[in-house]
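> how does the following fold in three dimensions:
(2 chains)
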Amino acid sequence: NAGVMQNPRHLVRRRGQEARLRCSPMKGHSHVYWYRQLPEEGLKFMVYLQKENIIDESGMPKERFSAEFPKEGPSILRIQQVVRGDSAAYFCASSPASAKNIQYFGAGTRLSVL
Amino acid sequence: GIQVEQSPPDLILQEGANSTLRCNFSDSVNNLQWFHQNPWGQLINLFYIPSGTKQNGRLSATTVATERYSLLYISSSQTTDSGVYFCAVDTGRRALTFGSGTRLQVQP
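Residues are numbered from 1 along each chain as shown, chains lettered A, B, ... in the order given. Predicted structure coming up:
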């Protein structure tokens, strides 16, 4: 049973470009979460999705950031017109649809904005 | 929102020593997880422990939900235990709130 798969592992973008980060949850998991980790800090919640629905996006910046989890395929975190402050590690987690909500994390995508 | 405080922020141990890491939280929680972030940045699940005590090898954890704290014990530490240990809690929204972590360095 493969774990949470994120790609790419490393992504370099120039200011103003778009970044697309992908996350495939563990098999059987229908809940996906995105977190951001700035250097030397803890992880901060961004968004919680189920298939075709955004459940909680209270941690998402109001502009340039969007997320989706389509019926087929991975969840996508999209950052438009990246700025240097977007440089961070972005982690995806998944959990099964149960009350326990044990979240399992992918290896992360490290975004560097030049 | 809920506040999560971890202590100590930094810890240096000699190989073989024992240690206790603490996590205090400011509200009732449905879920509490401990993670180890290794030097390569990967987050490893250690425990799901909203209450009670669990053990896994040299690691054990105790959460006293009524007093809003959790402890992670590391015994006979090894250099591979180095990294950052995070406590994260969920109050029912399913989003995890992380503490700032304890940075552990185990010296040979």
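
> from now on I want contacts and neighbour counts done on CA atoms only, so please keep to that.
Noted.

> A:Ala107 and B:Gly41, how far apart?
A:Ala107 sits 7 Å away from B:Gly41, going by C-alpha to C-alpha, to the nearest Å.

> likewise A:Gln6?
From A:Gln6 to B:Gly41 the distance is 13 Å (C-alpha to C-alpha).

> counting neighbours, what do you get for residue 46?
If you meant another chain, say so; for now it's chain A. 23 (other C-alpha atoms under 10 Å in any protein chain shown).

> hmm, I had chain B in mind actually
B:Leu46, neighbours per other C-alpha under 10 Å, totals 19.

> beta partners of B:Thr62?
B:Thr53, B:Leu71 (DSSP bridges).

> pretty sure it sits against B:Ile74.
No. Using C-alpha atoms under 8 Å, B:Thr62 makes no contact with B:Ile74, being 11.9 Å away.

> any common contacting residues for A:Gln6 and B:Gly41?
A:Ala107, A:Gly108 (C-alpha atoms under 8 Å, 6 or more residues apart in numbering or on different chains).

> which one's more surrounded, those two?
Neighbour count, other C-alpha under 10 Å: between A:Gln6 and B:Gly41, A:Gln6 has more, with 23 against 14.

> residue 22: what's it in contact with?
No chain in the question, so chain A it is. A:Arg22 neighbours (C-alpha under 8 Å, 6+ apart): A:Gln6, A:Asn7, A:Pro8, A:Pro74, A:Ser75, A:Ile76, A:Leu77.

> um, chain B though
Contacts of B:Arg22 by C-alpha under 8 Å, 6+ apart are B:Gln6, B:Ser7, B:Pro8, B:Tyr69, B:Ser70, B:Leu71, B:Leu72.

> thought the third one was touching B:Thr102?
Yes. Counting by C-alpha under 8 Å, B:Pro8 does reach B:Thr102; the two are 6.0 Å apart.

> list residues touching both of these two?
With C-alpha under 8 Å, 6+ apart as the test, B:Pro8 and B:Thr102 both reach B:Leu21.

> the two: which has the busier surroundings?
B:Thr102 (22 against 14).

> residues of chain A that sit close to chain B?
A:33, A:41-45, A:47-48, A:100-102, A:104-108 (C-alpha under 8 Å from any C-alpha of the partner chain).

> quick check, pLDDT for residue 68.
All of this refers to chain A. You'll see A:Glu68 listed with a pLDDT of 96.

> that's the other chain; I wanted chain B
97.

> mind putting the contacts of B:Arg22 into TSV with distance to A:Pro70?
Formatted as TSV, the contacts of B:Arg22 follow (distance: C-alpha to C-alpha, whole Å):
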residue	distance to A:Pro70
B:Gln6	37
B:Ser7	40
B:Pro8	42
B:Tyr69	38
B:Ser70	37
B:Leu71	39
B:Leu72	38
